[in-house]
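> pasting a predicted model and its sequence here:
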Amino acid sequence: MLRIALTGGIASGKTTIAKLFQTLDAPVIDTDAIAREIVAPGQPLLSELFRVFGADLRRADGSLDRATLRQRVFSEPELRRRLEAITHPAIDAVMQQQMAALPEGTPYVLLVIPLLLEAGWQDRVDRVLLVDCPETLQVQRLITRDGIDADTAWRMVRSQASRESRRQAADDVIANDGSLDLAELGERVRRLDRRYRSTGS
Ligand code: ATP
């Protein structure tokens, strides 16, 4: 089974592209969703996070205050590394379990891994599919979708791997820079899906 990483910067359009693959019945495993599941109330990792990063991150309903945790590690590389050392192995384990549970003969799986480069996970996949988008457009989309100010949006974009380093790591690129409408993006995805199915089967 061919393992394709779908990656791209924040608000580049990864979810949009993953949904287009899903309309073609491609199996999609989303590491962002896994990252949320492993810290849901009752999960052992959650109490570890409270212990390491502070019990004040526990909201009244017992869930994790993700926004405050994000802010806390944002400008503290050492804290961020500690968080990743706790969460990444758990995310990886669930990702492997979900891959192993796919039906026999599945030609390929799309693994949505936003922080592929930052986590150094290129060796876990066979190909890298990049959703490429200019930083100015990422910022615009963040402002519109999340209602944040331009300064915050730029800081979020700049804290990630550079557009250039992502392009260097990519085997395939989908330009989601506003030049293609949704129908054209769908056609691009159909072509890739056909290629991945024939390579993987
Ligand atoms: P995140 O990194 O935050 O998870 P993402 O990479 O999954 O984001 P999306 O949520 O797919 O990105 O897209 C970001 C925003 O931009 C969304 O509001 C989405 O609807 C919009 N968007 C993405 N691609 C397009 C497009 N081709 N045309 C119009 N709007 C788009």
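Alright, I've got the coordinates.

> centre-most residue in this structure?
Pro114 (2.6 Å; Cα atoms, centre = their mean).

> wait, isn't Glu48 in contact with Ala85?
No: under the criterion of Cβ atoms under 8 Å, Glu48 makes no contact with Ala85, lying 10.8 Å away. Backbone N, C-alpha and C define where each C-beta goes, glycine included.

> and the two? Which one has more around it.
Glu48 (14 against 10; other Cβ atoms under 10 Å).

> surely Arg127 and Ile4 touch.
Yes: using Cβ under 8 Å, Arg127 is in contact with Ile4, at 5.0 Å.

> tell me which of those two has more neighbours.
Using other Cβ under 10 Å, the more surrounded residue of Arg127 and Ile4 is Ile4, with 27 against 19.

> run through the bridge partners of that one.
Note on Ile4: beta-bridge partners by DSSP bridges are Leu110, Arg127.

> I'd like the numbering to begin with 622 instead of 1 from here.
With 622 as the first residue, the last one maps to Ile625.

> helices and strands around the lowest-mean-pLDDT helix or strand in the chain, which ones?
Here the helix or strand of the chain ranked lowest by mean pLDDT, DSSP states H and E is helix 687-695, holding a mean of 88. For helix 687-695, the packing partners by 3 or more Cβ pairs under 8 Å, 6 or more residues apart in numbering; DSSP states H and E come out as helix 665-674, helix 698-721.
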